[in-house]
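K.L.:
Next input, structure requested:
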Amino acid sequence: MERAAEAAIRAKVKQLREAIHSSEAILEEAAVIGTSLSSHKAAIDGAIRPAKKRTHMACRAHDNVRRSLRAAGTILRHVDLVSEAEHVILLDRLNEDLNTYLEAVDKLRSAKYFFTSKRSCRDGNDVREHVNELLSKAVHGLENEFQRLLTKCSKPVEFEHIFNCLPSLDQQLSSQNLIGPSADGYSEAQLNQYDLCTLPTLIDPCYLTLLSKLSQKSVQLDCHQKFMEIYREIRGSTLEQSLKNLGVEYVTKEEVQHVQAQTLDAKIHHWRQSFRITVKLLFGSECMLCDQVFGRKCTWKDNCFAEVTTKSLSTLLSFGEAVVQSQTSPDKLGVLLDMYEATSELQPEVEAIFVGNACSENRKSALALIKSLSQTVKNTLGDFMEYIVNHSAMSMTVDGAVHPLTSYVTDHIKIHFKYQPLLKQIFGESCVGDRKDTDVTSQLFGVIHALETNLATKAKQYKDLSLEHLFLMNNIHYIVKSIHRLEAKDLFGADWIERQRRIVQQQATQYRRIAWLKVVESLSTQGYISLVGYSTDATQGSFSFRNIKSSATSRSVIKERFKRFNMRFEETFQTQINWDVPDRDLRETLILTIAEILLPAYRSFLKHFGPLVENSPGALKYMKYTPESLEQALGNLFAKKLRSDQATTNSDGNKHPA
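P.N.:
Predicted coordinates for the structure are as follows:
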């Protein structure tokens, strides 16, 4: 078994050896074949290489020719563009066909960029210079056309045009009535209507489209600075002329100082109206026009608009500045507050119209006027207080009537009350709440206190003590009544009003006691009690009687008593008939209180002494008055103004100035 296995193994080993020898022979044969193939490939490559080189060179030459032809075609096309554009530019028919002219400019811009940017065309200096010359001529033409069109369509705004922009105005009123001094009431009623107005059309839309195209092209050609200069000059002068059409011109301080008060009031009213028109309509429309011509997003548009409006704004503000700088009096407080109201109300509009850093000076100049007006109002109020305090104590009314200073001050109090929100704004106070300790309210109380102090000083100058009290009664009553008419009870307080009314009553009482003391005393029985049997307290106006009869009454004594009463009554009456109590209700009340004291005393006097005189000779000489005639005479007291009015009334009942 072992031998058989060993033989089998030996047989397999032999087979393996034979196989290895066979493989080695095959490898040797393959190596010989591979060497033969390599030598054949090298021979083939050597034969093909010259042909491949010639083919590659031919392809490169073809590509170069193709690129050269393409470049030449592009150059020729741009040369043709220059030729086409040159024909249009040299014909100079810009005003006939703007679009064609602008297309020609675009062709030149394209050609310039091509010949400048392409490396292969850098040697074409002659072509580039020619293009630049044509572009320069085109820019000059565009500038001239922009100026021509803008000049042609820029017309000053007539007042009728502005008038039609105000929607709710009465079309039957003329423009002169709207801004003239005779239209104060109407104009004031229409001030708020500017919020509903439409901006006037400054330039016809067909022209606006052309101007916008030209301005856009100026940006592309980098010549917009010249266009801005043209625009500023034309639109600036047009806006100035529009202001002249409104009657707005530059005003100096000296010119304002020489204007009379009534004329100045009319001018201030006109200026307030013109200020609103200019800011809301003219400046607003100029801002919109600038956006439309140069584009809303244009970075330098604000500079252009600022320069267009700067001079006109300065002209508009000059009047307000002149009023501030000129000498102002307290009676100008109302118009100053009106000017402050107009400018402060429109400041948000100014801020909205004059936006950006370029317009900052315009905003500042408008705000500066507001601040100046505010400070002038404060100074005027301070001067007003000083005027009251320093008003001459020797200046009195002869008849004890209301002093002009009192009516002057109460008129200012009315202004204080009317413009209270504005004054709070000026003094930096809140308009919310019921605080009474504000600067404005304190100042009102200060004004009234100064007036009352001055009136008390004036009253001391009267030689007649009763006239002193009548004077104070009239003036304090006038103050209280004026404030009450303003419905300013909440501002001054019910307690203050009531205190002032008590003062009026006290002054009236003092007047009655002093003025009619001697008259009532002449009716008293003091010193004649044994004869008459009654006594009087003349100072209180009260009488008490005792049932004591006397048979020893002397007619001569009683006649003398009647004569004394008649004399004292007539002296008092003749003096006081020329005194004045202007307020009808106060006058009637005062006469009634006098009658309530005098008539009962006189009736009692007649009752006790009349029988002793009435039957004697010449009784009417002593008993000149009946209670009814005495009452009728008292009704004529303090009627100086009424008599004056009656004297100046015609038979047809129409009053005329005395």
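K.L.:
Return the backbone torsion pair for Thr626.
P.N.:
phi -90, psi 160 (degrees, to the nearest 10).
K.L.:
What is the burial count for it?
P.N.:
12 (other CB atoms under 10 Å). From N, CA and C alone the C-beta is placed, and that goes for glycine too.
K.L.:
Sketch out the low-pLDDT regions of the stretch 1-150 of the chain for me.
P.N.:
1-6, 40-41, 45-47, 51-81, 83, 85, 113, 115, 117-125 (pLDDT under 70).
K.L.:
does Lys607 belong to a helix or a strand, and which?
P.N.:
Assigning secondary structure by DSSP states H and E places Lys607 in helix 584-614.
K.L.:
For Thr575, see how far away Phe569 is.
P.N.:
11 Å (CB to CB, to the nearest Å).
K.L.:
give me the number of residues near the closest residue to Glu86 other than its chain neighbours?
P.N.:
Distances taken as CB to CB, 6 or more residues apart in numbering put Leu134 closest to Glu86, at 5.7 Å, once the chain neighbours are dropped. Residues within reach of Leu134, counting by other CB under 10 Å, total 22.
K.L.:
any idea how far Leu134 is from Leu90?
P.N.:
Distance of Leu134 to Leu90, given as CB to CB: 8 Å.
K.L.:
Val293 too?
P.N.:
Applying CB to CB, the value for Val293 to Leu90 is 28 Å.
K.L.:
These two: which has the busier surroundings?
P.N.:
Using other CB under 10 Å as the criterion, Val293 and Leu90 rank with Val293 on top: 23 against 11.
K.L.:
Give the full set of residues in contact with that one.
P.N.:
By CB atoms under 8 Å, 6 or more residues apart in numbering, Val293 lies in contact with 208, 211-212, 215, 231.
K.L.:
now do 10 Å
P.N.:
Residues near Val293 by CB atoms under 10 Å, 6 or more residues apart in numbering: 146, 150, 203, 207-208, 211-212, 214-216, 227, 231, 235, 301, 304.
K.L.:
pLDDT-wise, what's the bottom of those residues?
P.N.:
For those, the weakest pLDDT value sits at Lys301, with 83.
K.L.:
Near that residue, how many other residues are there?
P.N.:
Per other CB under 10 Å, the neighbour tally for Lys301 reads 22.
K.L.:
shouldn't Asp291 be in contact with Lys301?
P.N.:
Yes. Contact criterion CB atoms under 10 Å: Asp291 and Lys301 qualify, at 6.8 Å.
K.L.:
burial measure for the residue nearest to Lys481 when sequence neighbours are not counted, as a count.
P.N.:
Once flanking residues are discounted, Lys481 sits nearest to Asp583: 6.9 Å by CB to CB, 6+ apart. Look at Asp583: counted by other CB under 10 Å, it has 18 neighbours.
K.L.:
Quick one: residues contacting Asp583.
P.N.:
Asp583 touches 401-402, 473-474, 477-478, 481, 589-590, 638, counting by CB under 10 Å, 6+ apart.
K.L.:
Mind picking the one among the residues you listed that's closest to Gln443?
P.N.:
Nearest to Gln443 among the contacts of Asp583 is Tyr478, at 20.2 Å by CB to CB.
K.L.:
Contact partners for that closest one?
P.N.:
The neighbourhood of Tyr478, defined by CB under 10 Å, 6+ apart, consists of 401-403, 406-407, 409-410, 504, 582-583, 586.
K.L.:
again, only this time at 8 Å
P.N.:
Shown in contact with Tyr478 (CB under 8 Å, 6+ apart): 402, 406-407, 410, 582-583.
K.L.:
Would you double-check that it falls in a helix?
P.N.:
Yes. Looking at Tyr478 with DSSP: H, G, I helix; E, B strand; the rest coil, it is inside a helix.
K.L.:
all strands in the protein, in order from the N-terminus.
P.N.:
534-537, 542-545 (DSSP state E).
K.L.:
Go through those and find the least confident stretch.
P.N.:
strand 542-545 (a mean of 38).
K.L.:
number of nearby residues for Glu86?
P.N.:
19.
K.L.:
Please disregard the earlier target; I meant Lys311.
P.N.:
Neighbour count for Lys311, taken as other CB under 10 Å: 15.
K.L.:
Gln225 too?
P.N.:
Applying other CB under 10 Å, I find that Gln225 has 10 neighbouring residues.
K.L.:
What separation is there between it and Arg232?
P.N.:
From Gln225 to Arg232 the distance is 11 Å (CB to CB).
K.L.:
For stretch 352-366, what is the distance to the chain centroid?
P.N.:
On the basis of CA atoms, centre = their mean, to the nearest Å, stretch 352-366 sits 16 Å off its chain's mean C-alpha point.
K.L.:
Return the set of buried residues in it.
P.N.:
By neighbour count with 16 or more other CB atoms under 10 Å, stretch 352-366 contains the buried residues 353-354, 358-359, 362-363, 365-366.
K.L.:
Could you export the residues you listed to CSV, including columns for pLDDT?
P.N.:
Supplementary listing: the buried residues of stretch 352-366 in CSV, determined by pLDDT from 0 to 100:
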residue, pLDDT
Ile353, 91
Phe354, 92
Ala358, 89
Cys359, 91
Asn362, 93
Arg363, 93
Ser365, 94
Ala366, 94
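K.L.:
Sort out for me which of the residues you listed are in helices.
P.N.:
Residues of these located in helices (DSSP state H): 353, 362-363, 365-366.
K.L.:
How much space separates Phe638 from Val256?
P.N.:
Taking CB to CB, one finds Phe638 at 44 Å from Val256.
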